[in-house]
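# Predicted coordinates and the sequence they were generated for:
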Amino acid sequence: MSHLSDKELLEVLADFPKHELTTIQRTEMLKKFSSSAGSHKPKRQFPVQRIAALAAVFILILIAPILYFTNGGDSAPRSGSTNIEAQEGDYFALKDESGKPLYGDSNFGIPNKVSLLAPKEWVVWDQRATSKIMVFLWGKDLAPDPTLSIDATHEATGIKQHLSTSRLSGGMYGADAHALVTFTPFDKRGKWNLEFTVSNTSGEKRKIGEFPIYVKDHYVLLGSKGTLLISQEDLYAGFYNDAYIEVSGENLPEEIELEITSEEDPTNISKFTFKEKTDYTTTDGEKISMYKGDFQIKKSGRYSFGVLGESNPVIIGKPTDQ
């Protein structure tokens, strides 16, 4: 660039690419400008125009990354997901009649709009967490004789799922209205956006609020009757203390064995005893027994997990696989 005039130098600078330069590129460019400036013989007149040109170069180097991220960084559309506008939910406490905070670690939603007493985790196909859910709403202008409708949209695929329709009751725990609902179990893992809409007998509808929840992969199935109550996505090599196995049926033994067999080496079978049996009956009359125990997975790979002579294949991945 040493043979260029000041005007030509500025024209070249105007054609520079507007993207971030690496440290090496910046250094090489500065060296070139430094050698260019030093190769000229001293002039009697103070080189004001050339200094201005060099200053413009330094300014361009400094602001090029800012221009890139400001003008182009946010313009690229996100791929592989459906754009869903929803306010992020959070845990916050309800209040009893005396003002004492309640359920601060389980009431999830948007303060002064809508919330629900959420389960410890949402899991695909799991009816335990969705059978009885208390929903709370705020708003003095709720429609008379209101009906609450709850719908969900899967963020990654755009699939919609209707969860519940129920009548709203009076205020409770500081909220202006509440409802006891049962959700349809989720059938896909990932982020779901919950939308809460209130309507009346005249057909008028008003959206109260919406927020996303994360649904984990299904629990580990142990044949047709057993379930290890750990999400498939949480299962890695390691020790598991105080795990629970749920088995449906009557006249079950007081203790059961969890059998873990390597599909790569079928002779590699590990057995773990689960006991402390607890029996209960579901609302639809099904007999269930719950067992508690510890177990270990030595390494990632393909296994079969089973109890009482039945099993299912299970893939144990590494944390980086998720």
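That came through fine.
# how far out from the middle of the chain is stretch 194-206?
Here the centre of stretch 194-206 is set off from its chain's centre by 27 Å, with Cα atoms, centre = their mean, to the nearest Å.
# Flag every buried residue along that stretch.
Using 16 or more other Cβ atoms under 10 Å as the test for burial, stretch 194-206 gives 194, 195, 196, 197, 198, 199. In this view, the C-beta of every residue, glycine as well, is placed from N, C-alpha and C.
# Double-check that the fourth one belongs to a helix.
Read that as residue 197. No. Judged by DSSP: H, G, I helix; E, B strand; the rest coil, residue 197 forms no part of a helix; its state is strand.
# List the residues that contact it.
Going by Cβ atoms under 8 Å, 6 or more residues apart in numbering, residue 197 touches 148, 149, 150, 151, 205, 206, 207, 208.
# Buried residues of stretch 309-322, list them for me.
So, applying 16+ other Cβ under 10 Å, buried residues of stretch 309-322: 310, 311, 312, 314, 316.
# How about residue 220: which residues does it bridge to?
residue 228 (DSSP bridges).
# In this structure it contacts residue 226, no?
No. Checked against Cβ atoms under 8 Å, the pair residue 220 and residue 226 is beyond contact range at 9.1 Å.
# coming back round to it: out of the contacts of residue 197, which comes closest to residue 113?
Nearest to residue 113, judged by Cβ to Cβ, of these is residue 208 at 6.1 Å.
# secondary structure element for that closest one?
Following DSSP states H and E, one finds residue 208 within strand 205-216.
# partner strands of that strand, parallel or antiparallel?
Strand 205-216 pairs in its sheet with strand 122-123 (parallel), strand 190-199 (antiparallel), by DSSP bridges.
# For residue 231, find the nearest of those.
With distances scored as Cβ to Cβ, the stretch of the strands paired with strand 205-216 nearest to residue 231 is strand 122-123 (5.6 Å).
# Rebuild the strands paired with strand 205-216 as a markdown table, extending it with mean pLDDT.
Output for the strands paired with strand 205-216, formatted as a markdown table (pLDDT from 0 to 100):
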| stretch | mean pLDDT |
| --- | --- |
| strand 122-123 | 96 |
| strand 190-199 | 94 |
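# out of those strands, which comes closest to residue 294?
Closest approach to residue 294 among the strands paired with strand 205-216 (Cβ to Cβ): strand 122-123, 21.3 Å.
# Backbone dihedrals for residue 285, please?
The phi/psi pair for residue 285 (degrees, to the nearest 10) reads phi 90, psi 10.
# right, and residue 172 touches residue 136 too?
Yes. Counting by Cβ under 8 Å, residue 136 is a contact partner of residue 172 at 7.0 Å.
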